[in-house]
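Can you look at this prediction? I've put the sequence above it.
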Amino acid sequence: LPQAVFYMAGPDQAASFTATVHGFEFSVASMNWHASASCLAETSNGMAETSDGPSEASAAGSMLIVDIGSTTSDITLCHAKQLIDNGWTDAERMARHGLLYSGVVRTPLMAFGPYIEWQQQARHLAAEYFATTADVYRVLDELDSAHDLADTADGQDRSVAASMRRLARMLGHDLEDAASSDWQSLALAFKHQQLASLLHAILSCIAHSDLHPQSLTGLGAGSFLLPAIAQQLNLTYIPASTWMTADDPTLKDHAQVCFPAYAVARLWQAWH
């Protein structure tokens, strides 16, 4: 069957979609976050106007959207269907904390250094590619295996024991130096370090916008981290799947992880 391919373009284009990237390369590059946030701003606003349900009603007003993927996190604020300008290029968004190179699979753990607090002591981290965040969330049994697709840092398997061995190496240890419970506590320390950096970036974005969001909508392979952040911010947490009309929960879960692609399709439907 014939297929049409559409791309999300940035704000400098009169049309929001183009059937070809030729001549529009800089407009469509790195616009996945823009597609997701635009779709959620449109959908959630419409539901908030027509629904009396507590989750939907809580999305009225300003809304915080956070997409945690395998490699990066995108932080966007919107108000009354409008995305708040926090930069459009990667460089601008990184400078304003809207783009954070912190994900739940590929991020090297040395990025959380130079120290980590473990067993009531500040430990110096090896500045080497010994382990990644996937090791952390395998050990904590929080990473869906369907999203665990990147190579490991040492090329070895993805077992819990191998993941613990890689975590131990970040502190100069061997796996046999301590019990499994100790390496689990180290994984938890890395998780807390990542949550702290995410929270700092989110607070910076909120301060820059001068808005007071009422809800946090989460998406991406790392969305399991976001309910805890929403609680710290005293915001209502709403999974992106809440705004989807599909009846199949598995399909909704898959779309929530690959939300930018879903968003482009939904926006194309809404604007045509």
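That came in fine, so what should we check first?

Counting neighbours, what do you get for Ala207?
Ala207 has 10 neighbouring residues, counting by other C-beta atoms under 10 Å. All C-beta atoms are positioned from the backbone trio N, CA, C, and that covers glycine.

List the contacts of Tyr149.
Residue 149: Leu, not Tyr. Each residue near Leu149 by C-beta atoms under 8 Å, 6 or more residues apart in numbering is listed here: Ser70, Val105.

roughly how far apart are Ala230 and Met244?
Distance, Ala230 to Met244, by C-beta to C-beta, to the nearest Å: 19 Å.

Quick check: Leu100 touching Leu199?
No - Leu100 lies out of contact with Leu199 (C-beta atoms under 8 Å); the separation is 10.7 Å.

list the buried ones in stretch 163-173?
Across stretch 163-173, burial judged by 16 or more other C-beta atoms under 10 Å covers Ser163, Met164, Arg165, Arg166, Leu167, Ala168, Arg169, Met170, Leu171, His173.

Outside of it itself, list whatever touches it.
Residues outside stretch 163-173 that contact it (C-beta under 8 Å, 6+ apart) are 109-110, 116, 118, 123-126, 130-132, 134-136, 138-139, 152-154, 156, 174-175, 177-178, 180, 183-184, 186-187, 190.

and if you look at stretch 103-115?
68-73, 101-102, 122-137, 143, 147-150, 153, 167, 170, 190, 193-194, 197, 221-222, 224-225.

Are any of those residues buried, and if so which?
68-73, 102, 123, 125-126, 130-137, 143, 147-148, 150, 153, 167, 170, 190, 193-194, 221-222, 224-225.

In helices, which of those residues fall?
Of the buried ones among the contacts of stretch 103-115, the ones assigned to helices by DSSP state H are Thr133, Ala134, Asp135, Val136, Tyr137, Leu167, Phe190, Gln193, Gln194.

which of these are the two that sit furthest away from each other?
Ala134 and Gln193 (15.3 Å; C-beta to C-beta).

Give the bridge partners for the residue nearest to the spatial centre of the chain, please.
With distances taken as C-alpha atoms, centre = their mean, Ile68 lies nearest the centre of the chain, 0.9 Å away. Counting by DSSP bridges, Ile68 forms beta bridges with Ser73.

Could you tell me how far it is located from Gly113?
Ile68 sits 20 Å away from Gly113, taking C-beta to C-beta as the criterion.

ok, back up a step: look at Leu100 and Leu199 and report which has more neighbours.
Leu100 (23 against 14).

which non-adjacent residue is nearest Leu199?
Take Leu199 and drop its neighbours on the chain: the residue closest to it by C-beta to C-beta, 6 or more residues apart in numbering is Ile229, 5.8 Å away.

go on, Tyr101?
Nearest one to Tyr101, counting by C-beta to C-beta, 6+ apart, is Thr72 at 5.4 Å.

Quick one: residues contacting the one you found.
Leu99, Leu100, Tyr101, Ser102, Gly103.

could I get these as a markdown table with distance to Leu251 and pLDDT?
Shown next, in a markdown table, are the contacts of Thr72 (distance: C-beta to C-beta, whole Å; pLDDT from 0 to 100):
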| residue | distance to Leu251 | pLDDT |
| --- | --- | --- |
| Leu99 | 28 | 96 |
| Leu100 | 29 | 97 |
| Tyr101 | 30 | 97 |
| Ser102 | 28 | 98 |
| Gly103 | 23 | 98 |
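
export those to a markdown table and tack on distance to Tyr237?
As requested, these are exported to a markdown table (distance: C-beta to C-beta, whole Å):
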| residue | distance to Tyr237 |
| --- | --- |
| Leu99 | 22 |
| Leu100 | 19 |
| Tyr101 | 24 |
| Ser102 | 19 |
| Gly103 | 19 |
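
now the helices: where do they sit in the stretch 1-150 of the chain?
Ranges of helices within the stretch 1-150 of the chain are 25-28, 32-50, 54-57, 90-95, 133-139, based on DSSP state H, counting those that start in this stretch.

And the contacts of the fourth one?
What it means is helix 90-95. Counting by C-beta under 8 Å, 6+ apart, Ser30, Trp33, Asp74, Asn86, Gly87, Gly98, Leu99, Leu100, Tyr101 sit against helix 90-95.

give me that answer again for 6 Å
Ser30, Gly87, Leu99 (C-beta atoms under 6 Å, 6 or more residues apart in numbering).
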